[in-house]
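In: mind looking at a prediction? Sequence and model below.
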Amino acid sequence: MRAFDPEVVDVIWRTVEPLLPQQVETHPLGCHRPRVPGRVCFRGILIRLVTGASWVDIEAILDRQVSDTTLRARRDEWIEAGVFDALKTEALAAFDRIVGLDLDDVAVDGSLHKAPYGGEGTGPNPTDRAKLGWKWSVASERHGIPLGWAIDGAHRNDVRLLEPTLDTIDQAGLLADIGVLHLDRSYDSPAVRDRLRVAGIDQFEIQRRGTKVPGVKRQPLRLGLRWVVEATNTWWSNYGQLRRNTDRRPRHRHAALCLATAILIVGRLIDWRNRWSPR
């Protein structure tokens, strides 16, 4: 798992550390317990992302160096300071600068996952006997790098999440650079085509809904250039926290996606360097 690769962890931590909010001493006598180092909390957050373990279990894994309460508080503190969003933005900019984002073809798709504890932004999963779940809708460029995403309950239709997904790409200043947008058959409707044109996307490829053939239960599915977003969904789904999410707030899920994206990008950049650097 690249999230535990020391080289990847070191790169991400060097990016995260300057983003952390500065702490001001507030105790009048200055005699409270020493603050747990940020690097220890960061490791706990990584362990949760990869394994999906509870904060109590992570406290034990880290030999009681930090309590589960402190881990949750530090995560919320970093979310409030915009650390995870800034990390994702910086990683995306680094990939664009070093390798180059390929926006000639961009694919969008949704992915459903479990959320057994419910909470905000969850709903009955139509593919899992109506058990509680959550969904992300992500847009990926040709390398499989996530450009933007939207999250909601598992009951939310992909079409409803398309516009919020495109909005996140627009906020990153990348929407106008998209060449062709690729979508699967669930988006095949005149209303979706109208929304895409309003958003400024004139070139798009939407798989047509097939007509039934006598004796054939299901039409063959042509993946085309949508394989890039399928790869992104697979990479994200490898993380236990995302695959079976026990967070109760959408902001916690969003932060986990930001961290997973940064790990993906840093790993790809290290592989690119190793491939092209002289031996």
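Out: It's in.
In: the strands in this structure, which residues?
Out: Assigned by DSSP state E, the strands in the chain fall at 105-114, 123-124, 132-140, 146-153, 180-183, 204-206.
In: any stretches of the stretch 101-250 of the chain with poor pLDDT?
Out: 210-224 (pLDDT under 70).
In: how close does the residue nearest to residue 184 when sequence neighbours are not counted sit to residue 249?
Out: Of all residues not flanking residue 184 in the chain, residue 207 sits nearest, at 5.2 Å (CB to CB, 6 or more residues apart in numbering). Where you see a C-beta, it was placed from the backbone N, CA and C, and this is true even at glycine. According to CB to CB, to the nearest Å, residue 207 and residue 249 sit 34 Å apart.
In: picking up where we left off before, distance check, the residue nearest to residue 184 against residue 146.
Out: 21 Å.
In: now do residue 237
Out: Taken as CB to CB, the span from residue 237 to residue 146 is 13 Å.
In: those two - which one has more neighbours?
Out: The neighbour comparison of residue 237 against residue 146 (other CB atoms under 10 Å) goes to residue 146, with 25 against 14.
In: I'd say the more buried one and residue 140 touch.
Out: Yes - using CB atoms under 8 Å, residue 146 is in contact with residue 140, at 5.6 Å.
In: what touches both of these two?
Out: residue 232 (CB atoms under 8 Å, 6 or more residues apart in numbering).
In: for residue 172, phi and psi?
Out: Backbone dihedrals for residue 172, given as degrees, to the nearest 10, come out at phi -80, psi 0.
In: who's in contact with residue 68?
Out: Going by CB under 8 Å, 6+ apart, the list of residues near residue 68 reads 54, 55, 56, 58, 59.
In: wait, residue 168 sits on residue 146?
Out: No - counting by CB under 8 Å, residue 168 does not reach residue 146; the two are 9.6 Å apart.
In: can you list residues touching both of those two?
Out: With CB under 8 Å, 6+ apart, residue 168 and residue 146 have common neighbours residue 139.
In: can you give me the neighbour number for residue 249?
Out: With other CB under 10 Å as criterion, residue 249 counts 13.
In: correction: residue 123
Out: Neighbour tally, residue 123, other CB under 10 Å: 17.
In: what's residue 202 in contact with, if anything?
Out: Here residue 202 is in contact with residue 196 (criterion: CB under 8 Å, 6+ apart).
In: what do you get for residue 276?
Out: Residue 276 touches nothing, counting by CB under 8 Å, 6+ apart.
In: out of the strands of the chain, which comes closest to residue 87?
Out: strand 146-153 (13.1 Å; CB to CB).
In: which secondary structure elements does the closest one contact?
Out: Identification of packing neighbours for strand 146-153 by 3 or more CB pairs under 8 Å, 6 or more residues apart in numbering; DSSP states H and E yields strand 123-124, strand 132-140, helix 158-171, helix 250-276.
In: try it again with 6 Å
Out: Under the contact criterion of 3 or more CB pairs under 6 Å, 6 or more residues apart in numbering; DSSP states H and E, strand 146-153 touches strand 132-140, helix 158-171, helix 250-276.
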